[in-house]
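*Asks:* predicted coordinates and the sequence they were generated for:
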Amino acid sequence: MSPACLGDQFNWICQISAGTTLRKTSLIAITEMFNRQFLIFIFGGLVCAIIDISLMHLMILAGFNYIIAATGGFFAGLGANYIFHSQLTFRFAMSSTNFWRFLAVVGVNYLFTIAFVSLFFLIFKSALIGKIISLPIIAVNGYYLSRRWVFQA
């Protein structure tokens, strides 16, 4: 094994055959960043989803209409979500440009959320199931648009 690969967490990449060493390519570095970044994005999303669902559930229990409750939950996580993703996930300075782009993505995700909540309320009389099912869809959409558009220089 090459001394350059000792201690490297990706030794299996460095050693492709006896005596042959492969340095990490830029493609591998991008893949590593994507995986780390996506995991941070998902973690931040889970934290915000807990806030979102908890508030929605509490509002429903308090007698609010399910649409108002879903809206309250959705926007409760908005500020934390923006700060988390700009500072931790993408490490991108907050600006009015990326904030407005972020709000546009939130608007699209909000429409997805309300569509699922309404559909599941009509079919199963459970807005909460629609909310939970919408979360992975808006997570993938949010990550893709954030990475490709919101937090781009």
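*Replies:* Here it is on my side, so go on.
*Asks:* max-length helix in the protein?
*Replies:* Determined from DSSP state H, the single longest helix within the chain is helix 26-61.
*Asks:* so which elements touch it?
*Replies:* helix 66-76, helix 78-84, helix 127-145 (3 or more CB pairs under 8 Å, 6 or more residues apart in numbering; DSSP states H and E). (Each C-beta comes from the backbone N, C-alpha and C, glycine too.)
*Asks:* mind listing what's buried along it?
*Replies:* By neighbour count on 16 or more other CB atoms under 10 Å, the buried set for helix 26-61 is 37, 40-42, 44-45, 48-49, 51-53, 55-56, 59-60.
*Asks:* in stretch 124-133, what counts as buried?
*Replies:* Those would be 127-131, for stretch 124-133 by 16+ other CB under 10 Å.
*Asks:* mean confidence for stretch 90-109?
*Replies:* Stretch 90-109 comes out with an average pLDDT of 94.
*Asks:* my error: substitute stretch 67-81 in the last question.
*Replies:* Across stretch 67-81, pLDDT averages out at 90.
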